[in-house]
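>>> no FASTA, just this:
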């Protein structure tokens with residue numbers, strides 16, 4: 001019986017094999033490679049080192065500042081007050097004379113509501129605003145001036161071009177006026193488009209005798225759609241404006257200038273896409289050189305010419321802040337006379353220009369910068 005069973009099993013297997021003889025065997029399934037042939041190279045998580053810097057200014061530690069300024073592009077003041085109030089309050093550490101927040105995105109009719117919350121965070125300061133007139137959630141500057149440097153300003157219209165101000169008699173700083181817009185009459189640029197975008201506030205001081213111009217320069221935009229406007233209109237008129245001011249007295253031009261001037265101001269200098277990216281085109285960089293050629297210096301590079309890896313902006317979208325892959329877009333541009341070693345005793349002098357990388361949202365964007373002005377002692 002056992003032998004018969006075995007024979008039956010063999011015949012059954014043989015019959016099955018005969019039926020399948022010549023039939024194609026199913027292909028062994030293989031795992032398809034995702035995006036085969038189109039996979040983009042993965043960027044190595046490389047940290048861009050930040051070189052150690054030592055100030056070359058003899059004034060940075062040996063003199064008492066007469067004027068200190070902090071500038072910070074917040075990319076939205078209302079959101080910053082709501083989500084990062086403790087962080088932005090650190091801009092007041094050391095009691096700077098003036099704090100300027102740019103790209104606040106507050107409209108003129110919202111100032112009355114936003115200002116109390118801002119001054120609650122900065123109780124030692126008085127605020128003066130400029131806003132984009134017709135565009136919601138766009139541009140804008142607000143200067144916070146220390147109460148020791150300016151008497152009550154009052155609720156001036158944010159559309160008034162010039163506001164006359166006074167400083168307390170005992171103040172080490174004397175303010176004369178605050179002007180909104182690019183141009184102080186009789187400058188011919190009055191009334192142009194950029195003065196509707198809330199991009200410039202100019203402080204005129206008599207002690208120290210100088211101008212401080214805060215600016216948020218137009219970005220050339222995606223696809224460089226505003227490049228021609230920026231180069232041919234904004235940059236040309238701004239250069240004329242600053243040059244005219246400098247004929248009267250020294251100028252400090254402080255702000256997010258939306259340009260990375262030197263290769264050392266760009267974490268990936270030489271990358272092919274830079275020529276098509278706002279702020280890193282050859283034309284924008286050359287235009288900045290042209291401004292310096294009008295009798296101005298880049299304050300940070302004056303004190304730290306060899307600095308590497310010192311940036312003021314990191315892309316949020318690319319998550320570049322943790323790896324210090326950034327650009328230097330924020331500057332203090334100063335009249336040559338402010339760094340002239342032969343300047344007369346008692347004249348204002350640029351003492352230092354530094355980045356404050358800790359004053360930056362954890363995910364990136366802009367950090368604050370600080371400028372210190374003092375008097376030449378000898």
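All right, it came through fine. It should be emphasised that the depicted structure is a prediction, and the values quoted were computed from it without experimental measurement.
>>> make it CA atoms for all contacts and neighbour counts henceforth
Will do.
>>> The stretch 151-300 of the chain: strands as residue ranges?
162-164, 174-180, 200-207, 209-216, 251-256, 296-298 (DSSP state E, counting those that start in this stretch).
>>> which helices and strands does the last one pack with?
Helices and strands in packing contact with strand 296-298 are listed as strand 330-335; criterion 3 or more C-alpha pairs under 8 Å, 6 or more residues apart in numbering; DSSP states H and E.
>>> Low-confidence ranges, this protein, go.
1-45, 55-65, 155-160, 184-194 (pLDDT under 70).
>>> which stretches of it form helices?
2-20, 59-62, 77-83, 85-89, 111-121, 227-228, 236-248, 282-292, 299-303 (DSSP state H).
>>> tell me the most buried of those helices?
helix 299-303 (a mean of 20; mean count of other C-alpha atoms under 10 Å).
>>> So residue 66 sits against residue 376, correct?
No. Applying C-alpha atoms under 8 Å as the test, residue 66 and residue 376 come out as separate, 10.6 Å apart.
>>> I'd like to know how many residues surround residue 332.
28 (other C-alpha atoms under 10 Å).
>>> Residue 252 is in contact with that one, correct?
Yes. Counting by C-alpha under 8 Å, residue 252 is a contact partner of residue 332 at 6.5 Å.
>>> Tell me who's in contact with the nearest residue to residue 259 once chain neighbours are set aside.
Once flanking residues are discounted, residue 259 sits nearest to residue 279: 4.1 Å by C-alpha to C-alpha, 6 or more residues apart in numbering. Going by C-alpha atoms under 8 Å, 6 or more residues apart in numbering, residue 279 touches 219, 220, 258, 259, 260, 285, 329.
>>> Residue 326 now?
Here residue 326 is in contact with 266, 267, 309, 311, 312, 313, 314, 315, 320 (criterion: C-alpha under 8 Å, 6+ apart).
>>> Residue 149 against residue 176, yeah?
No. Using C-alpha under 8 Å, residue 149 makes no contact with residue 176, being 10.7 Å away.
>>> Which of the two has more residues huddled nearby?
residue 149 (22 against 17).
>>> Residue 374 bridge partners, please.
Going by DSSP bridges, residue 374 is paired in beta bridges with residue 349.
>>> I'd guessed it sits against residue 348; true?
Yes. Between residue 374 and residue 348 a contact is recorded at 5.6 Å, counting by C-alpha under 8 Å.
>>> Export the contacts of residue 279 to TSV and append columns for distance to residue 83.
Shown next, in TSV, are the contacts of residue 279 (distance: C-alpha to C-alpha, whole Å):
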residue	distance to residue 83
219	25
220	29
258	25
259	28
260	29
285	35
329	24
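>>> So which of those is surrounded by the most neighbours?
residue 260 (28 neighbours).
>>> so how far is residue 140 from it?
22 Å (C-alpha to C-alpha, to the nearest Å).
>>> Which neighbours do residue 149 and residue 176 have in common?
Joint contacts of residue 149 and residue 176 (C-alpha under 8 Å, 6+ apart) are residue 167.
>>> And the contacts of residue 326, which is closest to residue 98?
residue 312 (19.2 Å; C-alpha to C-alpha).
>>> Reformat the strands of the stretch 151-300 of the chain into CSV and put distance to residue 233 next to each item.
Formatted as CSV, the strands of the stretch 151-300 of the chain follow (distance: least, C-alpha to C-alpha, whole Å):
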stretch, distance to residue 233
strand 162-164, 23
strand 174-180, 18
strand 200-207, 15
strand 209-216, 15
strand 251-256, 18
strand 296-298, 20
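>>> Which of the ones you listed sits closest to residue 367?
strand 251-256 (10.2 Å).
>>> and that closest one, what does it pack onto?
Against strand 251-256 (3+ C-alpha pairs under 8 Å, 6+ apart) you get strand 67-73, strand 209-216, helix 236-248, strand 330-335.
>>> Buried ones in the second one, by neighbour count?
Of the residues in strand 209-216, those buried under the neighbour-count criterion (16 or more other C-alpha atoms under 10 Å) are 209, 210, 211, 212, 213, 214, 215, 216.
>>> Mind listing the residues bridging to the fourth one?
When bridges are taken as DSSP bridges, the partners of residue 212 come out as residue 203, residue 252.
>>> Quick check: closest non-adjacent residue to residue 250.
Computed as C-alpha to C-alpha, 6+ apart, the closest residue to residue 250 that is not its neighbour in sequence is residue 210, at 4.9 Å.
>>> what sits against that neighbour?
Counting by C-alpha under 8 Å, 6+ apart, the residues that residue 210 touches are 204, 249, 250, 251, 252, 348.
>>> I'd like those residues written out as TSV, with neighbour count added.
Output for these, formatted as TSV (neighbours: other C-alpha atoms under 10 Å):
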residue	neighbour count
204	23
249	15
250	24
251	28
252	26
348	23
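>>> And those, which is closest to residue 104?
Distances from residue 104 to those, taken by C-alpha to C-alpha, are shortest for residue 252, at 21.5 Å.
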